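> Quick one, structure for this:
(one chain, ligands or ions: 2)
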Amino acid sequence: MRCFNHQDREAVGSCKACAKGLCPECAVDLGHGLSCKGPHEEIVESYSSILKFNARTVSAAPRNIYFAPVFCIAMGAMFMWFGRDEYRGLLFIMGGLFLAYGVFMFARMRATYARKRA
Ligand SMILES: [Zn+2]
Ligand SMILES: [Zn+2]
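Ligands and ions are numbered 1, 2, ... in the order given. Predicted coordinates:
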């Protein structure tokens with residue numbers, strides 16, 4: 001792979017934000033990955049803080065990782081139950097959103113968990 005800015009130079013890695021090849025001169029080593037100079041430094045930095053946050057949350061409470069989605073699903077179901085008389089009412093819609101968000105979180109967590117074990 002060649003550097004995106006210098007076609008004659010061999011890249012040492014690629015930017016985590018845009019995946020462009022970077023030579024030592026163009027790359028910024030952020031400790032956990034490379035970024036091209038400029039706005040992508042901040043993007044790559046925020047990626048890693050999100051990853052760190054997720055890792056900490058999961059390792060701090062391995063048995064509670066399903067708590068948030070289950071809570072969301074339960075809340076959503078309750079809202080929908082209370083709002084059932086007024087179909088398409090605010091309560092019913094909010095319940096639906098909660099439920100969908102909970103299911104989404106649950107699915108995403110399961111995927112993350114499965115990847116880690118594999
Ligand atoms: Zn970049
Ligand atoms: Zn370069």
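> Would you pull up how far the helix or strand residue 68 falls within lies from the middle of the chain?
Assessed by DSSP states H and E, residue 68 sits inside helix 67-82. Distance, stretch centre to chain centre, for helix 67-82: 22 Å (CA atoms, centre = their mean, to the nearest Å).
> same check, this time on stretch 31-41
Centroid separation for stretch 31-41 versus its chain: 18 Å, with CA atoms, centre = their mean.
> Of all the helices and strands in this protein, which has the lowest average confidence?
The weakest-scoring helix or strand in the chain, judged by mean pLDDT, DSSP states H and E, is helix 39-60 (a mean of 78).
> Is ligand 1 within reach of that helix?
Yes: Helix 39-60 reaches ligand 1 (CB under 5 Å from the ion) through residue 40. C-beta coordinates here come from the backbone N, C-alpha and C atoms, glycine included.
> relative to helix 67-82, how tilted is that helix?
Relative orientation of helix 39-60 versus helix 67-82 (axes from the mean of the first three to the mean of the last three CA atoms, to 10 degrees): 90 degrees.
> What is helix 39-60 packed up against?
Applying 3 or more CB pairs under 8 Å, 6 or more residues apart in numbering; DSSP states H and E, we find helix 39-60 packed against strand 34-36.
> what packs against the strand it packs on?
strand 27-29, helix 39-60.
> before we move on, the earlier item: distance between whichever helix or strand comes after the helix holding residue 68 and the chain's centre?
Using DSSP H and E, the next helix or strand after helix 67-82 towards the C-terminus is helix 90-117. Remark: helix 90-117 is offset 13 Å from the chain centroid, using CA atoms, centre = their mean.
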